[in-house]
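Student: Requesting a structural model of the entry that follows:
(one chain, ligands or ions: 1)
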Amino acid sequence: MKLVFVGLGKMGKSILKGALDRGFLRPGEVGVVGRTPERTRELAEAFGLRPLALKELAQAERVLLAVQPRDFPHLAPEIAHPGVGYISIMAGVSTAVLSRRLDTRRVVRAMPNLAAVIGESSTALTALREAREAGDLDFARSLFATVGDVYEIPEHLFDPFTAMSASAPAYLAVVAEALADAGVKMGMPRALALRLAAEALAATGELLKSRHPAQLKDEVASPGGTTIYGLHALEARSLRAAFYEAVEAATRRGHELGEAE
Ligand SMILES: NC(=O)c1ccc[n+]([C@@H]2O[C@H](COP(=O)([O-])OP(=O)(O)OC[C@H]3O[C@@H](n4cnc5c(N)ncnc54)[C@H](OP(=O)(O)O)[C@@H]3O)[C@@H](O)[C@H]2O)c1
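Tutor: Below you'll find the predicted structure:
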């Protein structure tokens, strides 16, 4: 079995789907282990896979750990097998902690984001030397390439990456909701306001692929026009400072979660 997924929530399921849809893995090469037997069986059937018991994990070449960090400490002793390579997407759990709890140095740490659901994740990767030598990092690079772009970064940047990139869909969803609410206040029907806000975010994301943010802003904000008045109001409310603080707070929280280990 090339890869066994432990944890089939939002993220585990998206990565599984990407790997199968893009042909990186065939159903016969994949096993799944979930917590709720009923749900796991349903999911395994839907994807044509075999649900596995925890004790069968020793047959796996590699394991993808997609459970919540709080579930890891009691799960680790049950899934630790010599000769297996581990790829974790758990926020805040360092390669040192993974290595200690799983009793192996074949560990890869990954940080995707929710856009994996639509194949548009930005995923960070890092790995211990033994995992690189065993081909685990190359495997992880190909796996996460099925759900978006992949960046290899040093481990000290993982908490900032998590705070900036993995959390970004939540920050931007709040921006979209706030923009829609503001439209509603000005009399716009709710459904239309939500749709316009989502479309504006998606289109801006596309435009930003080929221009600097400042250039885009300047192209919209004509002298003495409506947008520059709106921008002034946002600056008066310290929008930029709010983002600095959000990313700083989320980075700190990542450190805390890691230290709790
Ligand atoms: N959501 C994000 O945007 C995001 C982004 C990057 C990284 N992450 C990381 O990805 C991980 C998963 O996040 P998620 O959003 O996919 O969480 P989730 O939807 O809560 O999924 C976690 C899954 O783990 C399963 N699980 C728990 N204990 C288990 C056990 N002992 N054996 C097997 N399966 C078990 C749960 O099963 P049940 O459903 O049966 O309880 C659930 O399906 C987290 O560590 C998180 O830090 C999340």
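
Student: where's Ala191, which helix or strand?
Tutor: helix 190-207 (DSSP states H and E).

Student: I'd guessed Tyr171 sits against Leu239; true?
Tutor: No - with contact defined as CB atoms under 8 Å, Tyr171 does not reach Leu239; the gap is 11.4 Å. Placement of C-beta: from N, CA and C, glycine included.

Student: Show me which of those two is the more surrounded one.
Tutor: More crowded of Tyr171 and Leu239, by other CB atoms under 10 Å: Tyr171, with 16 against 12.

Student: The more buried one belongs to a strand, doesn't it?
Tutor: No - Tyr171: not assigned to a strand; according to DSSP: H, G, I helix; E, B strand; the rest coil it is helix.

Student: That one: what's it in contact with?
Tutor: Phe243, Ala246 (CB atoms under 8 Å, 6 or more residues apart in numbering).

Student: how distant is the host helix or strand of Ala180 from the center of its chain?
Tutor: Using DSSP H and E, Ala180 maps to helix 168-185. Helix 168-185 sits 21 Å away from the centroid of its parent chain (CA atoms, centre = their mean, to the nearest Å).

Student: what about it, near the ligand?
Tutor: No - figure legend: helix 168-185 not in contact with the ligand (CB under 6 Å from any ligand atom); closest approach 6.7 Å.

Student: what comes up buried for that helix?
Tutor: In terms of neighbour count (16 or more other CB atoms under 10 Å), helix 168-185 has its buried residues at Ala168, Tyr171, Ala176, Leu179, Ala180, Gly183.

Student: Over to stretch 4-17?
Tutor: Val4, Phe5, Val6, Gly7, Leu8, Met11, Gly12, Lys13, Ser14, Ile15, Leu16, Lys17.

Student: How about stretch 150-166?
Tutor: By neighbour count with 16+ other CB under 10 Å, stretch 150-166 contains the buried residues Val150, Phe158, Asp159, Pro160, Phe161, Thr162, Ala163, Met164, Ser165, Ala166.

Student: Nearest spatial neighbour of Val93, chain-adjacent residues omitted?
Tutor: Pro69 (5.4 Å; CB to CB, 6 or more residues apart in numbering).

Student: Check Val247 too.
Tutor: Val247 sits nearest to Ala163 (CB to CB, 6+ apart), 4.8 Å away.

Student: Outline the domain layout of the chain.
Tutor: Using automatic domain parsing, the domain parsing of the chain gives 3-159, 168-257.

Student: Spell out which residues of the chain are next to the ligand.
Tutor: Going by CB under 6 Å from any ligand atom, the residues of the chain near the ligand are 6-12, 33-36, 39, 66-69, 71, 75, 89-91, 111-114, 166.
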